[in-house]
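Okay, predicted coordinates and the sequence, questions at the end:
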Amino acid sequence: MNELRRHLGLEPHDAVAHAMLAVSLMETNQPKDATAEAQQAVGLAPDLPYAHYVLAFILFKRDWLDEAKASAEEAVRQESFNPNHFALLAAIEMERRNWPGALDHAASALQIDPDHDWAINLRAMALVKLGRRDEAERTMGDALARDPENAHSHANQGWTLLHRGDHKQARVHFREALRLDPTMDWARQGMVESLKSGFLPYKILLLFWLWMARISHKAQWGVILGAWVGYQVIKNIARQNPVAATYLWPVMVAYVGFVIMTWLAYPLLNLMLRLHPDGRYALSREQVIQSNLIGLLIAIFLSSGGVFLATQRAGFLTLMVVGGLLVFPVAALFAAPNGWPRQLMIVVSSLLALIGLATVALVFAQGEDSGRAFGGLFGLFLLGVVFSQIAANALPMFKPKQ
């Protein structure tokens, strides 16, 4: 990077050097400076395809997908025989959840270079999202036959097998990907999911989440709201028809249990993986922190419950309930995207912890005399817990640009 800066001091109008500096800045996590350098390269040489490609790549990494697509399309227009340009367009369309578009662009890249690793992997990912898992497995199988030491191919083959439900074979490929590239988050995430899939209830949840990931955000909300409306309809029928209620209540209990598991299964199993010989190394630093907090809250829940059974003091019962309910906002906190959504959830979770502790302190101090004050504080606490779960589902739609 220093060499590039020295060169630009002598040749400030070298567009290629500006583009190369932009790439270096992006690799060292300086996205704003990288964007400025890439834009300068385009301004100096608007007919240079490489400059448009670099700008598109940086904008893509910053989640400026519309702007990235426009720059990548300009690179294709100027140099339509470069497979990297089409592969970048495929990657952009994958982030836009346009699976057919991603598949088409990956195919265009592979027409130019049938052995283009990035395009092969993107094609397989798009096929998985489109439900064409057999084709995806064949694609990744061919890729691994050509290059068995490609970490990305092993990781994508692992995810393909996860979508099929074969978590054991998926784990083999994730382990190999991490051997080849220990820093690959994509493979680490897959390893964690494959380990958790050894638990049958989580395996069912994972298949549900993978299916939800293949549909649009609008369709996801349609599924969530449709299930809630269906639950309300069934509940009303059960109230009005005692005979039918006998058969409908198990359905409602199963629905509530499933919803709770979608909130808590991920962090609870992260906690369990801390004891697994493969899992503890696969967990990221963030997942370790989350599992520590969840473990602390569960310890508070169990210990205060035990003390309550021994002493019958209401304060310990309140502490048990507050500790158990705080698991929900803490789980939601780590589900929020980085940036202002994560900061918002940190504030919400911190406030809920303070309100919960104030409620516990009030009960310990005043006991049965806490009455109305307890009702107000605990009601506010419960409202906040519910809000945290609504926010957990909504905030991923507002992933901020870098």
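Yes, it's here. Residues are numbered from 1 along each chain as shown.

switch to C-alpha atoms for all contacts and neighbour counts from now on
OK.

how much space between residue 112 and residue 329?
Plainly put, residue 112 is 49 Å away from residue 329 if you go by CA to CA, to the nearest Å.

Those two: which is more packed in?
residue 329 (26 against 15; other CA atoms under 10 Å).

so which strand or helix has the more buried one?
Applying DSSP states H and E as the criterion places residue 329 in helix 314-335.

and this protein, what are its domains?
Domain assignment for the chain by automatic domain parsing gives 2-194, 297-402.

Highest mean neighbour count across those, which stretch is it?
A comparison of the domains of the chain by mean neighbour count, using mean count of other CA atoms under 10 Å, puts domain 2-194 on top with a mean of 20.

Compute the number of surrounding residues for residue 255.
By other CA under 10 Å, the residues close to residue 255 number 15.

Do you know the pLDDT at it?
Model confidence at residue 255, given as pLDDT, is 71.

Ok, residue 156 next?
83.

hang on, isn't it packed against residue 138?
No. Using CA atoms under 8 Å, residue 156 is not in contact with residue 138, being 11.9 Å away.

ok, back up a step: right, and the domains of the chain - which one's nearest residue 238?
Comparing those by their distance to residue 238 (CA to CA), the top pick is domain 297-402, with 24.4 Å.

average pLDDT across the closest one?
Throughout domain 297-402, pLDDT has a mean value of 81.

So which residue is dead centre in the protein?
Nearest to the mean C-alpha position of the chain, counting by CA atoms, centre = their mean, stands residue 335 at 7.0 Å.

Look up how far residue 183 lies from that residue.
For residue 335, the distance to residue 183 - CA to CA - is 21 Å.

and if you look at residue 365?
From residue 365 across to residue 183, the span is 51 Å (CA to CA).

hmm, who's touching the helix or strand residue 383 falls within?
Residue 383 is part of helix 371-394 when elements are defined by DSSP H and E. Residues outside helix 371-394 that contact it (CA atoms under 8 Å, 6 or more residues apart in numbering): 263, 325-326, 328-329, 332-333, 335-336, 345, 348-349, 352, 355-356, 358-359, 362-363.

If we use 6 Å, what do you get?
329, 332, 352 (CA atoms under 6 Å, 6 or more residues apart in numbering).

and the angle from it to helix 314-335?
Put simply, helix 371-394 runs at 20 degrees to helix 314-335, going by axes from the mean of the first three to the mean of the last three CA atoms, to 10 degrees.

remind me which residues of the stretch 101-250 of the chain are low pLDDT?
Scanning the stretch 101-250 of the chain with the threshold set as pLDDT under 70 gives 196-224.

Kindly recompute the last result at 50.
Low-confidence segments of the stretch 101-250 of the chain (pLDDT under 50): none present.

just so I have it, where are all the strands in it?
Using DSSP state E, counting those that start in this stretch, the stretch 101-250 of the chain contains no strands.

where exactly do the helices run in it?
Using DSSP state H, counting those that start in this stretch, the helices of the stretch 101-250 of the chain run over residues 117-129, 133-146, 151-164, 167-180, 185-196, 200-214, 217-240, 242-273.

returning to what we had before: return the alpha-carbon coordinates of the helix holding residue 383 using PDB.
In PDB, the C-alpha atoms belonging to helix 371-394 read as follows (Å, rounded to 0.1, in the frame of the first residue of the first chain):
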ATOM      1  CA  GLY A 371     -48.400  -4.700  44.800                       C
ATOM      2  CA  ARG A 372     -49.100  -2.000  42.200                       C
ATOM      3  CA  ALA A 373     -45.500  -0.900  41.800                       C
ATOM      4  CA  PHE A 374     -44.500  -4.500  41.000                       C
ATOM      5  CA  GLY A 375     -47.300  -4.800  38.500                       C
ATOM      6  CA  GLY A 376     -46.200  -1.700  36.700                       C
ATOM      7  CA  LEU A 377     -42.500  -2.600  36.600                       C
ATOM      8  CA  PHE A 378     -43.100  -6.200  35.600                       C
ATOM      9  CA  GLY A 379     -45.700  -5.200  33.000                       C
ATOM     10  CA  LEU A 380     -43.100  -2.900  31.400                       C
ATOM     11  CA  PHE A 381     -40.500  -5.700  31.500                       C
ATOM     12  CA  LEU A 382     -42.900  -8.100  29.800                       C
ATOM     13  CA  LEU A 383     -43.800  -5.500  27.100                       C
ATOM     14  CA  GLY A 384     -40.100  -5.000  26.500                       C
ATOM     15  CA  VAL A 385     -39.400  -8.700  26.100                       C
ATOM     16  CA  VAL A 386     -42.200  -9.000  23.500                       C
ATOM     17  CA  PHE A 387     -40.900  -5.900  21.700                       C
ATOM     18  CA  SER A 388     -37.400  -7.500  21.600                       C
ATOM     19  CA  GLN A 389     -38.800 -10.500  19.700                       C
ATOM     20  CA  ILE A 390     -40.700  -8.400  17.200                       C
ATOM     21  CA  ALA A 391     -37.500  -6.300  16.600                       C
ATOM     22  CA  ALA A 392     -35.500  -9.600  16.200                       C
ATOM     23  CA  ASN A 393     -37.700 -10.500  13.300                       C
ATOM     24  CA  ALA A 394     -37.800  -7.000  11.700                       C
END
